[in-house]
Structure formats: structure tokens, C-alpha cells
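1. Any chance you could fold what I've pasted below:
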Amino acid sequence: MPAPEQDIFQGMRTRCDQTPAWRALQVHFEQAGKHLDVRDAFAADPSRYQAFSQEAPHVFADLSRNRIDASTEALLFDLARQCGLEQQRHAMWTGQAINTTEQRAVLHHLLRQPAGVAADSNAPPLVAQAQGDVHTTLHAMLAYADSVRQDARITDIVSIGIGGSGLGPSMAVTALEEHWQSGQRVHFVSNVDGLELGSLLRRLRPESTLFLIASKTFTTAETMVNAHAARDWFLAHGGSTDTQAALPLARHFVALTTNVDAARGFGITTTFGFWDWVGGRFSLWSAIGLPIAVAVGSKVFCQLLAGAHAMDTHFYSAPLEHNLPVRLGLLDVWYRNFHSFSSRCIAPYSHGLRRLSAYLQQLEMESNGKGVDWRGQALPYATAPAVWGEPGTNGQHAFFQMIHQGQDIIPVEFIVLRQGGRDLPEQHPRLVANALAQAQALMLGRPSCCGHRHFSGNRPSTVLVLERLDATSLGALLALYEHRIFVSGALWGINSFDQWGVELGKQLASNLEPRLASGDVQGLDAATAGLLQRLRAGVT
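-> Prediction:
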């Protein structure tokens, strides 16, 4: 029996495999879809590029090299409507508790909504309250970020977090390098391996370092291990818990958390909070984004929010047939459940986006890597693909061999900038040419050759084009991926906003850590017991 909180979706959503459109898609795939050759489709329809290209806010998408046609898309749009996608989208937008296992609303889009926008008349009181809270926190956070940028005493900012508290800010700071404050460096620490933090601390001076501790609960195990190690280092090198001392801990540590009491117990007096309706992998827009704001400044951070809000508006208001996140999410379902493609490669032809694939791995695989539907019932079909990749042109000399000639068909997502950055702009045309050539080669192949030189072609790819890598375009691109993941998750009938699979390993680790010291293996399985005994020598 479903839990009471799951009844919210009664009459609103239908699982994809329980719709007439799903059965129609199965017939269509067997009769036509699995035989579609994109080369033949272009030959038959010279306007295919126009039909399968779309402008969205700050992002242009070319979908024409994918194994879809008008009939496929029409059936996919039918599927979306029969699954209740539009109703689910509205439920998220108006603050309904669509995260049913945790009984929470999903309102990260409010983090980038401009001030003064009235709440939907159907929204619960939570939404109006949240809108005010968001901008109060945002103004305070941005004022603090700008004060740090103007403080010549601070040369290094160390952000300690993990998961969404690390991946999102790290990716964005890397992408927006051109806006970094001269004389300041932003570092990210997430791994509990002491080498990461320890090697960084050897290069820092406590009097010129600011630590940002990012943990919603201020109890995240890996984050707090690193936070306490940083605190110990600071105190051992002249720092003090006395706020009147020459080097007070309270001036050099800031907490991004809702647990103000725990932060105060740690010695931190400056905190910036967020809310339970902000999931970790959707949190870079919140106070978790403080390292971004410090790195790029308040004006650029607001541009990041504005780009995301533009994509939010497009996703919420555009009809399904002209809605880019919807079209991409439906394509993901088509590939995963009908073509059985099990992974997707992200290939940004931009050095600034070199951390994007790592960020998208969590965003998609933690959101949609689920084996049960929203009621807890086992699913009879696959959900999230494995997401992976590296920037071009590096990937061309690493894994593109497999993408071109391997046995598995792996859709590729090329991300290309129309304008390059400020450094060595004369090299940008060569970069763009490489991206276009790879997409062309995947489609055309070299079928006339045999043996080692044979390329089958008809290998799918999407090209996403940004005008340039700036904060506005980056914000729009990230929001596009967020909404796309919501679309596929909505059709699969899963809760894209919990992550129970993360918890079991944490619980087991807390049991095993003291055993590494004691050597107690009682009750453990034979493999774990054997490895624990072998590894004890390195940790005792």
C-alpha cells in the first residue's frame, strides 16, 4: 500500500509503461524506429535540420542527428501528456510536496526568481514565505561575498563540502574563471582522503585563508572530518577561538548550514542558511553558492541566476512541442527504454566546462538512478543512463575511438561556444571545427571501407550551442539539465528528489571505522572481514 504522502500523485501522474502511448511507441520502434538511419532521413528531408533545431534562452540545440523523426516525437509528446507531465510540472512550480518520500516541496527555481514576483494563487503559504526568505539571504550572502573580494588580507578561500555542496560550486567557479578576483584563489575540498586537504594546507597561511564549511545539517561525515582538520590546523598555527584574539577563528571560518547551533559550537558566528526544499544537487543557487559569489562577485552571480530563471520561464510556459528541456527529456526516454542505450557522453568543447560532466553525473544519476517508482514498486524498465565525459579535444584522443567504432552505441552531447574566451582567440576556430567534425563523423561514418577503417556511422549526437561561456549562458545551461532530468523522471514515475541509495554505505562505514582500530570482525561477511584485517596495518 502506498504511504499517505504518496497519494498526492493520484490522478496526476501515470507511469509511462501503463499508457497507450507507451504501447504505440513499442510498435513504432519495432516497425520503424530501430531501423531509422539519420543519413537517409536527411536525404529524404532537406529541412530536417530546421525541424529538429530549437532556440531556447541562451542555448541553441541541434537535435537533427538523433535517431528520431516527426512520428517518434509526436508519440513521445503523447506519452508525456498521458503521464501527466504538465500537471507534475505545475505541481513542482506551485510548491506541492512532490518529493513524497521526504514530504518536501521542490523549489530550487525560487532561488533564481527575481524579487517581487507574486506567488501562484494555487501555491501553499510556504512559497510566498520562501520568496521573501530567499532574497533576504541572497542580499546578505552577496554583500558578504563582495566584502571578501575587497579584503586584501584574504588570498585563499577554501570551500569544504561534498556532493552537491562541492560539485556544483566547483564546476561553476571553474567555468567562470575570467571573473576571478585578482590575488585571490578559491579551492575546493571534498575527499576525506587526507592528501587532498593536507597538500592544500601546506601551501596556505592561516592569516590569509578563509574557510567555508558547507553542510546543511553540519553533520555530513566527510565534510565535518575535513572541517575539524582545518580547524585544528588553524589553531595549531596561531589561530584562536577567542573572538578578541589577533587571529580569531570566527573571522576565518564561515558556515553554509541550517544548523546554526552546531556551527556556533564549532566556533563559527557567521552563517548563511537554506531550506529543506533545496536538494543538495540543486543547491549551487543558494548559500551553497557563496564560493561562486566570492570568486566572481555579486553582479556576475546575479547573472548566473538570471540565466537560470530565463530557462525556468521557458520550461514552465513553452508548449511541450517547443520546450527544449521536454524534448531532451523525451529523447532520453526514447534512447534508454527503446534503443537500450545505457550511457551518454558529455563532450564540452570548452576548457572552462571541464568539470561539467562530473557535476552532471551527480545531477542525473543521483536524481534518476532509481529502481522503484514513487510508490516503492519495482520498475520493469531501466532509468538513468550512465553519464560521463571529458572536454574536447582531449576526449578525441582517449575514448572517441570506442564511440566511433565500438560495439555499444553511445549518444554524445557536444557543447560548443560560438565565441571563444579572452586567451588565444585565434585557436577557437580550430576547436569549433573539431567539434563539428566529430559530430559529422559519427553521423556519416565510412561505410564504404572494410576492416579496420570501417565506421558504421548513424551514431547519434546532439549539439548545444552557447553564444559564449558567461554566467548567463552557464545558468541557462544548468537549469536546462535540471528540468530535462525532471521530465524523464516524471515519465519513469520515480521520485527524482531523494537519494536513499547514498545512505546505506554511510551507515556501514560508521560501523566499520571503529573495527579498523579494534580488529573486531565478528558478524562481518567473510570478504569484508578479510579485507579489514589486511587493511588494518595501514590505518592503525
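
2. residue contacts, the closest residue to Arg446 other than its chain neighbours?
-> Once flanking residues are discounted, Arg446 sits nearest to Phe455: 4.1 Å by CB to CB, 6 or more residues apart in numbering. Backbone N, C-alpha and C define where each C-beta goes, glycine included. Contact partners of Phe455, counting by CB atoms under 8 Å, 6 or more residues apart in numbering, are His404, Gln405, Ala441, Gly445, Arg446, Pro447, Cys449.

3. Confirm for me that the third one is in contact with Gln405.
-> Think Ala441. No: contact status for Ala441 versus Gln405: not in contact, 10.6 Å apart, counting by CB atoms under 8 Å.

4. picking that back up, narrow the contacts of Phe455 to just the buried residues.
-> His404, Ala441, Gly445 (16 or more other CB atoms under 10 Å).

5. Now the phi/psi pair for the first one, please.
-> What that stands for is His404. phi -80, psi -40 (degrees, to the nearest 10).

6. So for it, what's the nearest residue that isn't a sequence neighbour?
-> Excluding its sequence neighbours, the residue lying closest to His404 (CB to CB, 6+ apart) is Phe455, at 5.7 Å.

7. State the distance from the one you found to Gly395.
-> 17 Å (CB to CB, to the nearest Å).

8. and which of the contacts of Phe455 is nearest to Arg251?
-> Set against Arg251, the nearest of the contacts of Phe455 by CB to CB is His404 (54.9 Å).

9. quick one: that closest one and Gly457 touch, right?
-> No: His404 lies out of contact with Gly457 (CB under 8 Å); the separation is 9.0 Å.

10. can you pull the contacts of the residue nearest the centre of the chain?
-> The residue lying closest to the centre of the chain (CA atoms, centre = their mean) is Leu363, at 3.2 Å. For Leu363, the contact set (CB under 8 Å, 6+ apart) comprises Arg281, Phe282, Tyr481, Glu482, Ile485.

11. Apply 10 Å and report the result again.
-> Residues near Leu363 by CB atoms under 10 Å, 6 or more residues apart in numbering: 164, 167-168, 171, 279, 281-282, 356, 387, 478, 481-482, 484-485, 496.

12. Can you tell me which of those is nearest Glu86?
-> Arg484 (15.6 Å).

13. my guess is that closest one contacts Leu328, does it?
-> Yes: using CB atoms under 10 Å, Arg484 makes contact with Leu328 at a distance of 4.4 Å.

14. how far does the host helix or strand of Ser488 sit from the chain's center?
-> Ser488 belongs to helix 471-492 when assigned by DSSP states H and E. On the basis of CA atoms, centre = their mean, to the nearest Å, helix 471-492 sits 9 Å off its chain's mean C-alpha point.

15. helices or strands next to the helix or strand following that helix in the packing?
-> Per DSSP H and E, the first helix or strand lying C-terminal to helix 471-492 is helix 503-518. On a contact count with 3 or more CB pairs under 10 Å, 6 or more residues apart in numbering; DSSP states H and E, helix 503-518 meets helix 221-236, helix 526-539.

16. which stretch among those comes nearest Arg430?
-> Taking the helices and strands packed on helix 503-518 one by one with CB to CB, helix 221-236 is closest: 40.6 Å.

17. pLDDT weak spots in this structure?
-> Across the chain, the ranges flagged by pLDDT under 70 are 1-11, 538-540.

18. Could you break it into its assigned domains?
-> 49-76+321-493, 108-298, 504-539 (automatic domain parsing).

19. could you pull out the strands for the stretch 201-350 of the chain?
-> Secondary structure of the stretch 201-350 of the chain (DSSP state E, counting those that start in this stretch): strands located at 209-214, 253-256, 271-272, 343-349.

20. Pretty sure Pro206 sits against Asp232.
-> No: counting by CB under 10 Å, Pro206 stays clear of Asp232, with 11.3 Å between them.

21. can you give me the helices in the stretch 251-400 of the chain?
-> Secondary structure of the stretch 251-400 of the chain (DSSP state H, counting those that start in this stretch): helices located at 260-266, 290-296, 298-317, 324-337, 356-360, 367-368, 400-405.

22. Make CSV from the helices and strands packed on helix 503-518 and add mean neighbour count to it.
-> Rendered in CSV, the data for the helices and strands packed on helix 503-518 read as follows (neighbours: other CB atoms under 10 Å):
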stretch, mean neighbour count
helix 221-236, 18
helix 526-539, 11
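
23. Between those, which one is closest to Arg422.
-> Among those, helix 221-236 comes nearest to Arg422, with 33.7 Å by CB to CB.

24. and the angle for that closest one with helix 503-518?
-> 50 degrees (axes from the mean of the first three to the mean of the last three CA atoms, to 10 degrees).

25. Check the offset of helix 221-236 from the chain's centre.
-> 27 Å.

26. thinking again about what came up before, and of the buried ones among the contacts of Phe455, the nearest to Val372?
-> His404 (36.3 Å).

27. what's the distance between that closest one and Asn434?
-> Distance of His404 to Asn434, given as CB to CB: 14 Å.

28. Same check on Ala43?
-> From Ala43 across to Asn434, the span is 26 Å (CB to CB).

29. if I look at Ala441 and Gln405, which residues touch both of them?
-> Phe455, Arg459.

30. Looking at this protein, which helix is longest?
-> As assigned by DSSP state H, the longest helix anywhere in the chain is helix 125-149.

31. mind listing what's buried in that helix?
-> Buried, per 16+ other CB under 10 Å, within helix 125-149: 126-127, 130-131, 134-135, 137-138, 141-142, 144-146, 148-149.

32. what's the closest of the residues you listed to Gln419?
-> Arg149 (26.0 Å).

33. The closest residue to that closest one other than its chain neighbours and Ala293, how far apart?
-> Nearest residue to Arg149, sequence neighbours excluded (CB to CB, 6+ apart): Gln181, at 4.7 Å. As judged by CB to CB, Gln181 and Ala293 stand 11 Å apart.

34. Show me which of those two is the more surrounded one.
-> Ala293 (27 against 20; other CB atoms under 10 Å).

35. Now do the same contact list for the residue nearest to that one when sequence neighbours are not counted.
-> Excluding the flanking residues, the one nearest Ala293 by CB to CB, 6+ apart is Ala145, at 3.6 Å. Going by CB under 10 Å, 6+ apart, Ala145 touches 157, 181, 272, 289-298, 301.

36. State the pair within those that is farthest apart.
-> Using CB to CB, the contacts of Ala145 span at most 19.1 Å, a distance reached by Gln181 and Phe272.

37. Please work out how many residues are found near Gln499.
-> With other CB under 10 Å as criterion, Gln499 counts 21.

38. What's the separation between it and Gln26?
-> For Gln499 relative to Gln26 (CB to CB), the value is 31 Å.

39. What of Pro380?
-> 13 Å.

40. Likewise for Glu178?
-> Relative to Gln26, and taking CB to CB, Glu178 is found at 49 Å.

41. repeat for Ala295
-> 49 Å.

42. Much appreciated, bye for now.
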